[in-house]
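Engineer: Here is my input; please provide its structure:
(chains A and B)
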Amino acid sequence: MARILITSAIPYINGIKHLGNLVGSQLPADLYARYMRMRGNEVMFICATDEHGTPAELAAAKAGKPVAEYCAEMHGVQAEIARGFRLSFDHFGRSSSARNHRLTQHFARRLGEQGLIAEVVEKQMFSRADDRFLPDRYIEGTCPNCGYDRARGDQCENCTKQLDPTDLINPRSAVSGSTDLELRETKHLYLRQRVLKERLAEWIDSKTGWPVLTTSIAKKWLNDGEGLQDRGITRDLAWGVPAQFAGAPWQGMEGKVFYVWFDAPIEYIAGTAEWADAHGLDDAAWERWWRTDKGAHDVTYVQFMGKDNVPFHTLSFPATIIGSDEPWKLVDYIKSFNYLNYDGGQFSTSQGRGVFMDQALSILPADYWRWWLLSHAPENSDSEFTWENFQASVNKDLADVLGNFVSRVTKFCRSKFGELVPEGGQTGERAAALIAELETRVRAYEGHMEAMEVRKAAAELRAIWVAGNEYLQSAAPWTVFKEDPERAAAMTRLGLNLVRLYAVLSEPFIPDASARMLAAMGTDDRSWPGPIAEALSVLPAGHAFETPEVLFRKIADEEREDWQKRFAGVRT
RNA sequence: GGGCCUGUAGCUCAAUGGUCAGAGCAGGGCGCUCAUAACGCCUUGGUUGGGGGUUCGAGUCCCUCCGGGCCUACCA
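Structural biologist: Model prediction:
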């Protein structure tokens, strides 16, 4: 039994995420966690909300709430939706937790003691009307290059030129529109990543099996231009982990907090500590996942994230870990995803374009979305959600291939033998061929799941379902029954056992349907198949089952058209 | 501007430099009647974005052009 630590990139707190966010991290992480648990491994699966930063403060202000209250509420909302999608986190934490405050300050202090923190005085735009420093992109003005009047302080969206806020003509706050801005001096802490460059490069180079997407992004940041740069890890904000604290090896940082990207990944660790606290366990319980000197030496750590998160997970966070000079667990494998597009364009949170997680669940149960999203996961390039494809895929794969298989087996049995696994008889060559095929396919499926090849795993699973239909079609127990009822009984017994096997194999993708199938088969035997012949004799003759209701209903054309219209425009 | 990814059948995607470029869906035909008008079998469909090159051999490697996307360090 292996020990597997799994983290999903933590979703930002300001609002409900769309399906693109879901498929890029939380959902594939859940697939992997469920699979590894099914295989009998000890799994720790951690996610959290990322609660600090300017957008959180602004969103809270807009909602007319104190930021702590706003974040607590939104955390509750996101946790509820995560449950709705059956995301099986061992703990869904909060980056604003006391645990994260303590750990973030701990890492900062260690880095300071190692000489890896620099104090830098710089000038930043301050908006008097908003009473806050503004990040570059929260300043708007006229582009000096093309004259576009809504250019942002980091880049002009119109001509794509890189800008500095001071380049803008007639700069104004994007928050309030105020032009009452001034450049103010402010002191910040920088993480001296340049000092760690060689060690980071060496570490990245040792990860030869990582996805191209992951390593290419890391190497670009390491080597491009002047190479890896030091990074500011504090901000002039009120909401966050205070940068000045007892034992801090610096002074004069009162009123400042750590940058979200410094404290967010630390929440992976803190979230595990929160898990221990929530279960009344001591520190050793979480440290055995994170401290290689306290039991984590045999842990395999896998991170899941969208491509936009890669630099922070390949460089900044490892710089924090390595720089601390303490035996914390480093990530072993980073699975990164491209983006999911929506019907010819991008999902857009600001424009409300596309399907958001809460809306998705209000339309259809989690399994429908899980199946489509995972079987179309954007692993190699950006991929595309269209309603036609979603409808076709769900109707065909889930309703016709799997759902109907369960239906035809159980209903046939009920009508000919009653709702007990029939006894007697022998299966024939076709059953042997089926078992041989499944033997190959199940091992291939395992290989893809272990390699986190999500699409390939989905395709293999579907082929496993299809094999059941092929068997029934060629064995034709409904015909055999007329001549040799005992033989038909054996075939049906095999069919019912296939339903149980499929429930087990499918659990990581469609956990609700899996549970319903097992319940219908009257068993809680979820043991992963060894030799297939054995796995297909778990349900003995005489075992009672129930004929389940329709497992997956089909999506009608009218519904699809209705949804298409509903989600094309602005979210209301 | 720079870097990276990407372009394969009507659609969504596969293919360690090595048989005739494969699947699923959609389309066509046949079969079956247990089943959610479901299932199975067969089948149509490709100058692998264009052009050039390396190689015994290129979807794959190189150059170039065209299209799509992402990143570019203060959004997260």
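
Engineer: Can you check the pLDDT for the nearest residue to residue A:546 once chain neighbours are set aside?
Structural biologist: Taking CB to CB, 6 or more residues apart in numbering, and ignoring the residues beside it in sequence, residue A:546 has residue A:520 as its nearest neighbour in space, at 5.0 Å. In short, each C-beta sits where N, CA and C put it, glycine included. The score at residue A:520 is 97. That number is its pLDDT.

Engineer: for residue A:17, same thing?
Structural biologist: Looking at residue A:17, the pLDDT reads 88.

Engineer: In contact with it, which residues are there?
Structural biologist: Applying CB atoms under 8 Å, 6 or more residues apart in numbering to residue A:17 gives the contacts A:11, A:78, A:349, A:356, A:357.

Engineer: Between those residues, which sits nearest residue A:85?
Structural biologist: residue A:357 (6.8 Å; CB to CB).

Engineer: Give the buried residues for stretch A:398-416.
Structural biologist: A:398-399, A:401-410, A:412-413 (16 or more other CB atoms under 10 Å).

Engineer: Cross those residues against helices and list the overlap.
Structural biologist: Under the assignment DSSP state H, those contribute A:404, A:405, A:406, A:407, A:408, A:409, A:410, A:412, A:413 to helices.

Engineer: Need these in JSON lines (columns: distance to residue A:5 and pLDDT).
Structural biologist: Output for those, formatted as JSON lines (distance: CB to CB, whole Å; pLDDT from 0 to 100):
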{"residue": "A:404", "distance to residue A:5": "39", "pLDDT": "96"}
{"residue": "A:405", "distance to residue A:5": "36", "pLDDT": "97"}
{"residue": "A:406", "distance to residue A:5": "35", "pLDDT": "97"}
{"residue": "A:407", "distance to residue A:5": "40", "pLDDT": "97"}
{"residue": "A:408", "distance to residue A:5": "42", "pLDDT": "97"}
{"residue": "A:409", "distance to residue A:5": "39", "pLDDT": "97"}
{"residue": "A:410", "distance to residue A:5": "40", "pLDDT": "98"}
{"residue": "A:412", "distance to residue A:5": "45", "pLDDT": "97"}
{"residue": "A:413", "distance to residue A:5": "43", "pLDDT": "97"}
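
Engineer: Return the closest of those residues with respect to residue A:33.
Structural biologist: Nearest member of these to residue A:33, counting by CB to CB, is residue A:406, at 25.4 Å.

Engineer: Next, count neighbours for the residue lying closest to residue A:431 once chain neighbours are set aside.
Structural biologist: Leaving out its chain neighbours, the residue that sits closest to residue A:431 by CB to CB, 6+ apart is residue A:494, at 5.7 Å. Look at residue A:494: counted by other CB atoms under 10 Å, it has 23 neighbours.

Engineer: Which helix or which strand is home to residue A:494?
Structural biologist: Taking DSSP states H and E as the definition, one finds residue A:494 inside helix A:485-506.

Engineer: Now that helix: average pLDDT?
Structural biologist: On average, helix A:485-506 scores 97.

Engineer: So which elements touch that helix?
Structural biologist: helix A:404-416, helix A:429-450, helix A:454-475, helix A:477-483, helix A:511-520, helix A:532-535 (3 or more CB pairs under 8 Å, 6 or more residues apart in numbering; DSSP states H and E).

Engineer: how big is the angle separating it from helix A:454-475?
Structural biologist: Interaxial angle, helix A:485-506 versus helix A:454-475 (axes from the mean of the first three to the mean of the last three CA atoms, to 10 degrees): 170 degrees.

Engineer: Show me what counts as buried in helix A:485-506.
Structural biologist: A:485, A:487-506.

Engineer: Repeat that for stretch A:226-234.
Structural biologist: A:228, A:230, A:231, A:232, A:233, A:234.

Engineer: domains in chain A, as residue ranges please.
Structural biologist: Following the assignment in automatic domain parsing, chain A carries domains at A:3-114+A:261-337, A:117-191, A:387-535.

Engineer: Please list which of the ones in helices among the buried residues of stretch A:398-416 also come close to RNA strand B.
Structural biologist: Contacts with RNA strand B within these, as defined by CB under 7 Å from any atom of the strand: A:404, A:406, A:407, A:408, A:409, A:412.

Engineer: these two touch, right, the fifth one and residue A:494?
Structural biologist: No: Residue A:409 is beyond contact range of residue A:494, at 9.2 Å (criterion: CB atoms under 8 Å).

Engineer: Spell out which parts of the stretch 451-572 of chain A neighbour RNA strand B.
Structural biologist: A:455-456, A:459, A:466, A:469-470, A:472-474, A:476, A:478-479, A:550-554.

Engineer: which of these count as buried?
Structural biologist: Buried among those (16+ other CB under 10 Å): A:455, A:456, A:469, A:472, A:551, A:552.

Engineer: Point me to the residue of chain A nearest RNA strand B.
Structural biologist: residue A:403 (1.7 Å; CB to the nearest atom of the strand).

Engineer: what about that residue, distance to residue A:409?
Structural biologist: 11 Å (CB to CB, to the nearest Å).

Engineer: how about the helices in the stretch 101-250 of chain A?
Structural biologist: A:197-205, A:212-223 (DSSP state H, counting those that start in this stretch).

Engineer: Which one, of the ones you listed, ends up nearest to residue A:118?
Structural biologist: That would be helix A:197-205 among the helices of the stretch 101-250 of chain A, by CB to CB, at 14.7 Å.

Engineer: got the angle between the closest one and helix A:212-223?
Structural biologist: 170 degrees.

Engineer: coming back round to it: could you export the contacts of residue A:17 as TSV, including pLDDT and distance to residue A:264?
Structural biologist: Output for these, formatted as TSV (pLDDT from 0 to 100; distance: CB to CB, whole Å):
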residue	pLDDT	distance to residue A:264
A:11	92	10
A:78	95	15
A:349	73	18
A:356	89	22
A:357	92	20
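
Engineer: For the residue nearest to residue A:431, list the residues it contacts.
Structural biologist: Residue A:494 touches A:427, A:431, A:434, A:471, A:536, counting by CB under 8 Å, 6+ apart.

Engineer: Below-threshold pLDDT in the stretch 201-350 of chain A: ranges please.
Structural biologist: A:344, A:350 (pLDDT under 70).

Engineer: How about the residues of the stretch 51-200 of chain A by RNA strand B?
Structural biologist: A:52-55, A:122, A:124, A:135-138, A:153-155, A:160, A:162, A:188, A:193.

Engineer: Heading C-terminal from the host helix or strand of residue A:36, find the next helix or strand.
Structural biologist: Per DSSP H and E: residue A:36 is located in helix A:27-38. As assigned by DSSP H and E, the chain's next helix or strand after helix A:27-38 is strand A:42-49.

Engineer: Does anything pack onto the next helix or strand after that following strand? Which helices or strands?
Structural biologist: Next in sequence after strand A:42-49, counting helices and strands by DSSP H and E, comes helix A:54-63. Secondary-structure packing of helix A:54-63 (3+ CB pairs under 8 Å, 6+ apart): helix A:67-84.

Engineer: Contacts for the helix it packs on, please.
Structural biologist: Residues contacting helix A:67-84 (CB under 8 Å, 6+ apart): A:11, A:13-17, A:26, A:47, A:49, A:51, A:56-57, A:59-61, A:63, A:65, A:89, A:92, A:94, A:96, A:238-239, A:357-358, A:361, A:366.

Engineer: mind redoing it with 6 Å?
Structural biologist: By CB atoms under 6 Å, 6 or more residues apart in numbering, the list of residues contacting helix A:67-84 from outside reads A:13, A:49, A:51, A:57, A:60, A:63, A:92, A:94, A:96, A:239, A:357-358, A:361.

Engineer: Stretch A:355-362 too?
Structural biologist: With CB under 6 Å, 6+ apart, stretch A:355-362 has contacts from A:16, A:17, A:18, A:19, A:22, A:81, A:84, A:369, A:567.

Engineer: 8 Å instead?
Structural biologist: In contact with stretch A:355-362 (CB under 8 Å, 6+ apart) are residues A:16-19, A:21-22, A:77, A:81, A:84-85, A:342, A:347, A:363, A:369, A:385, A:567, A:571.
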